[in-house]
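Engineer: Model the following, please.
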Amino acid sequence: MEIIIVGGGKVGGALAEVLCDEHNVVVVDRNEKRITSLTNDFDVKGVTGNCLRTDILDSADVAKCNIFIAVTDSDEVNILSCLIARKMKARHCIARVRNPEFDKQLVFMREELGISMMVNPDYDSANEIAKILRYPEAINIESFANGRVDLAEIKITSGSILENIALTQLSRRLRLDVLICAVQRGEEVIIPHGNFVLKAGDKIHMTASHSNMVKFFKSISSAYREKRVKSAVLIGGGRVGYHLAQQLREMGVKVKIIESDETRCDELSERLNRVSIIHGDGTNHDVIREERVYEADAVVSLTGIDEENILMSLLAKNNGVEKVVTKVNRMNLMQLSETLDLDSIISPKTITVNQILQYVRAKQNSEGNNITTLYRLVNDRLEAIEFVVRERREYIGIPLKKLKLREGLLIVSIVRGNELIIPKGDDCLMVNDSVVVVTTNKGFGDLKQIFD
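Structural biologist: Next comes the predicted model:
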């Protein structure tokens, strides 16, 4: 497909890197150094100039564009450039929009202005954090097949009922249909076999239906109810904090926000009901002590400075806080955070890229490609891919135990109509199945490529 990305910053650059392998990508940015860097690093065409000028968009071949993606720092520029691109015959337009004031206009933007998708990284990040806080044992949770399949990441602690258990014994011991599909042990990422034995310190990725996932967390923690998050302190009252506070209140969680900007505190007080707003420096020891931060069930570090967030999360964890979530955007610091053994790390940039990639995959799917969802995990070392079987192929109707799969991958779920199947050797793939594959390989564009 022909794709134009407006804005060559962190998000635009990450999108260009992923999409250029499969599509013809043009990046438009006013900063000539950014364009030079992107065209040197990736197989993309660069256009330097103002994306609101029709001659600049003409030079990017906007009339041939299948998907136009606007991810500049300005909401208004993103929206307006999408409107201009639509008038110039771009087929589909995506705008990154962060201001909460636009939230209530999403339907109007889509139906009346023709913007196909609006991505709000702050709202989506809040969704991810809220989902993690619903399951305090989880590091991260993703969903496939319209929410019918959950993929959760957890860490096995010493004394857990999962410690020293072979995977062949797992379902029988828990009496649940779950599947461990990947294990991170130290620096190694493993697609495990049935005789693989779990150890304390392993980070495991597992799939199950939503209901079985809830039962799983109850099974592995006898203190599940006690571990449920009832109170949370958010350090930083920016947009992510605003959206998260709203969602946590709906979950019945007692929320306190510590924000250093007095004007922002006033805004939050006006917008948020039943949320304690504290004007103070969340990194200040006296403020932490006075507000009893470490007595909360969860601490979420959401300031605009990655290093501050990491430091605050480490202090919270070392002072006994059960659940700690850290917002980190810079990739090198995300990798550092993993070595520091922080609980859950959220990157708005990564979430935005994944949301847009899912839309692009869906459009590919409508044009013959059968990937609908793709998540990159463990610092891009693991991929979880959802395929849809669109037509009869040579692997249809054959038991999985008779098919030879490539090394480093596992079929982890099959959704057939309303039925979720955790696959075993006698199960078969059928036309219209939704199939989730977890792999340490990269570059799969079609389900047939997983077979040798």
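Engineer: Against which helices or strands is the helix or strand containing E267 packed?
Structural biologist: Here E267 sits within helix 262-271, counting by DSSP states H and E. Applying 3 or more Cβ pairs under 8 Å, 6 or more residues apart in numbering; DSSP states H and E, one finds that helix 262-271 makes contact with helix 239-250, strand 254-259, strand 276-279. For the C-beta atoms, the positions are set from N, CA and C on the backbone; glycine is no exception.
Engineer: Among these, which comes closest to L340?
Structural biologist: Nearest to L340, of all the helices and strands packed on helix 262-271, is helix 239-250, at 21.1 Å by Cβ to Cβ.
Engineer: tell me the average confidence for the closest one?
Structural biologist: Mean pLDDT, computed over helix 239-250, is 94.
Engineer: And stretch 319-328, by the same measure?
Structural biologist: The average pLDDT for stretch 319-328 rounds to 92.
Engineer: With stretch 171-185 instead?
Structural biologist: Stretch 171-185 comes out at a mean pLDDT of 85.
Engineer: residues making contact with it?
Structural biologist: Outside stretch 171-185, the residues that touch it by Cβ atoms under 8 Å, 6 or more residues apart in numbering are 151, 161, 165, 167, 170, 189-192, 196, 198-199, 201-209, 212-213, 215-216, 219-220, 377-378, 382, 384, 410, 412-413, 422, 438, 440.
Engineer: before we move on, back to that, K349 is nearest to which of the helices and strands packed on helix 262-271?
Structural biologist: Of all those, the one in closest proximity to K349, counting by Cβ to Cβ, is helix 239-250 (12.2 Å).
Engineer: between the closest one and helix 262-271, how many degrees?
Structural biologist: Per axes from the mean of the first three to the mean of the last three Cα atoms, to 10 degrees, the angle that helix 239-250 makes with helix 262-271 is 30 degrees.
Engineer: give me phi/psi at the residue nearest the centre of the chain?
Structural biologist: By Cα atoms, centre = their mean, the chain has its centre lying nearest to I351, at 4.3 Å. The phi/psi pair for I351 (degrees, to the nearest 10) reads phi -60, psi -40.
Engineer: Skipping its backbone neighbours, what lies nearest it in space?
Structural biologist: Spatial nearest neighbour of I351, excluding adjacent residues (Cβ to Cβ, 6 or more residues apart in numbering): D124 at 4.9 Å.
Engineer: Next, find the distance separating the one you found from V299.
Structural biologist: Distance, D124 to V299, using Cβ to Cβ, to the nearest Å: 21 Å.
Engineer: same check, this time on D202
Structural biologist: Noted for D202: a distance of 25 Å to V299, by Cβ to Cβ.
Engineer: Any buried residues in stretch 249-258, and which?
Structural biologist: For stretch 249-258, burial by neighbour count (16 or more other Cβ atoms under 10 Å) applies to V253, K254, V255, K256, I257, I258.
Engineer: Below-threshold pLDDT in the stretch 101-250 of the chain: ranges please.
Structural biologist: Along the stretch 101-250 of the chain, segments meeting pLDDT under 70 span 103-107, 110-111, 221-227.
Engineer: can you pull out the helices in it?
Structural biologist: Ranges of helices in the stretch 101-250 of the chain, per DSSP state H, counting those that start in this stretch, are 106-111, 121-134, 167-174, 210-220, 224-227, 239-250.
Engineer: mind putting the ones you listed in a markdown table, distance to Q358 included?
Structural biologist: Listed next are the helices of the stretch 101-250 of the chain as a markdown table, based on distance: least, Cβ to Cβ, whole Å:
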| stretch | distance to Q358 |
| --- | --- |
| helix 106-111 | 16 |
| helix 121-134 | 11 |
| helix 167-174 | 29 |
| helix 210-220 | 19 |
| helix 224-227 | 31 |
| helix 239-250 | 20 |
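Engineer: For T373, which of the ones you listed is the nearest?
Structural biologist: helix 121-134 (14.7 Å).
Engineer: Go through the closest one and flag the buried ones.
Structural biologist: Within helix 121-134, the residues that count as buried by 16+ other Cβ under 10 Å are 121-126, 128-134.
Engineer: same deal with stretch 14-30?
Structural biologist: Counting neighbours by 16+ other Cβ under 10 Å, one finds that the buried residues in stretch 14-30 are 14-20, 22-29.
Engineer: Show me which pair in those is furthest apart.
Structural biologist: Across those, no pair lies farther apart than E22 and D29, at 21.5 Å, counting by Cβ to Cβ.
Engineer: if we can go back for a sec, go through the helices and strands packed on helix 262-271 and name the closest to D426.
Structural biologist: Minimum separation from D426 across the helices and strands packed on helix 262-271 (Cβ to Cβ) falls at helix 239-250, 41.9 Å.
Engineer: Identify all contacting residues around the closest one.
Structural biologist: Residues external to helix 239-250 that are found in contact with it (Cβ under 8 Å, 6+ apart): 98, 100, 122-123, 125-127, 129-130, 133, 232, 234, 255, 257, 259, 268, 271-275, 300, 302, 327, 348.
Engineer: Just give me how far stretch 438-452 sits from the chain centre.
Structural biologist: Stretch 438-452 has its C-alpha centroid displaced from the chain centroid by 21 Å (Cα atoms, centre = their mean, to the nearest Å).
Engineer: same deal with stretch 151-166?
Structural biologist: Centre-to-centre, stretch 151-166 and its host chain are 23 Å apart (Cα atoms, centre = their mean).
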